[in-house]
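**Q** Here is the input, now give the coordinates:
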Amino acid sequence: MSETGETTIEVTNAVGRGVGRPEHVIVAGDGRVFASDKASAVAELVDEQTVRHIGLAGGEPNGIALDRDSHFLIANWGLGVLQDLDPVTGAIKAVLSDQLEGRPLRWLNFVLVDSVGALWCSVSTMAEDLMDTIAMGTADGFIFRVAPDRQSARVVADAVNFPNCMALDRDEDHLYVVRTLAADVVRFPIEGETLGPQERFGPSLGDRRPDEYGPDAARLMADPEVGRRWGMADGCAFDAEGNLWVTLVLANKIVAISPDGRATTVIEDPDGALLNGPTSIAWGGQDMRDIYIGSITTPYVLKGRSSVPGLPLIHQR
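**A** Residues are numbered from 1 along each chain as shown. The predicted structure follows:
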């Protein structure tokens, strides 16, 4: 495993051994660490060996967020439900389910909360068969916004190429969206309750050739060498200096894109000996330099220290 450039991570230990599919990690304002958990809904990662399961969501809890009431929002992948979890009682209720404006929500991927309490959500594809989209690279994903009172929701961007994790900059001028299959990031200007046209942010972070789209995609993706080249961008988070960190799940790599669009490798582990299938990044701790890395391939979350602090999320401010 290697580090590159001035921005670095020192991985120190694993936490939450036994958590199921911790795709996304979040650190609460009081420092507690939580991850999406297939065995329940959300799991508190108390220490290396202790996990406290909360709720029972069904499906595959994917992206998670904390709202103003300290409830968790869950983007339930495959089930197609945006869920609200009360962490005290474990009760779960649906905020939105099945479809929106005639578009299926099955592959609901991510949710984040902004400063006014609105929810921004990504749906990666409208295809029934997820592998069809991965094989063909079809740009049929979309982004929707749920009003702060949760009484209405509307699609704010469509024809997005497999939107995954999203992040807001410090002033909430733009919504940054990771596009997994394109292995890059785009951003949308926030215009009131909707979004303006997308623009590319930073360089391509992967290299998938045109001839690698099609029915052989699954076989090609299973080849570790090909997977490392494709990269497959997944998670993202801003640090306090305005760099957007992005995980590359098939390359076992994390890069940082500077405000002027330059990409630098922060850490990489080509063989996946330690950093394996990274899907999310979260910062916490008193100095916001504790860093947590989620993964869909490991039954734990990695903890480390970063050379720069993270940008506090809304619930951490």
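**Q** And the strands in the stretch 101-250 of the chain, which stretches?
**A** 103-104, 108-113, 119-123, 141-146, 153-160, 163-168, 174-179, 184-191, 194-195, 199-201, 233-238, 244-248 (DSSP state E, counting those that start in this stretch).
**Q** Now do the third one and strand 141-146, the angle between them.
**A** Pointing back at strand 119-123 there. Counting by axes from the mean of the first three to the mean of the last three CA atoms, to 10 degrees, strand 119-123 points 160 degrees away from the direction of strand 141-146.
**Q** Please list the residues outside strand 119-123 that contact it.
**A** Residues from elsewhere that reach strand 119-123, judged by CB atoms under 8 Å, 6 or more residues apart in numbering: 63, 65, 67, 73, 75, 82, 95, 103-105, 107-114, 141-146, 150, 160, 163-166, 168, 175, 177. Backbone N, C-alpha and C define where each C-beta goes, glycine included.
**Q** Pull the distance from stretch 97-114 to the chain's centre.
**A** The chain centre lies 15 Å from the centre of stretch 97-114; the measure is CA atoms, centre = their mean, to the nearest Å.
**Q** Tell me which strands the helix or strand that contains residue 44 pairs with, and in which orientation.
**A** If you go by DSSP states H and E, residue 44 is part of strand 42-45. Strand 42-45 pairs in its sheet with strand 33-36 (antiparallel), strand 51-54 (antiparallel), by DSSP bridges.
**Q** To residue 308, which of those lies closest?
**A** Nearest to residue 308, of all those, is strand 33-36, at 19.4 Å by CB to CB.
**Q** buried sites along that closest one?
**A** 33, 34, 35, 36 (16 or more other CB atoms under 10 Å).
**Q** can you tell me how far residue 46 sits from residue 52?
**A** According to CB to CB, to the nearest Å, residue 46 and residue 52 sit 6 Å apart.
**Q** whoops, I mixed them up, residue 222
**A** Residue 222 sits 35 Å away from residue 52, taking CB to CB as the criterion.
**Q** Comparing these two, which residue is more hemmed in?
**A** Counted by other CB atoms under 10 Å, residue 222 and residue 52 do not tie: residue 52 has more neighbours, with 15 against 9.
**Q** mind checking how far stretch 265-273 is from the chain centre?
**A** Using CA atoms, centre = their mean, the offset of stretch 265-273 from its chain centre is 18 Å.
**Q** buried residues in that stretch?
**A** For stretch 265-273, by 16+ other CB under 10 Å, it's 265, 266, 267, 268, 269, 272.
**Q** Great, nothing more from me.
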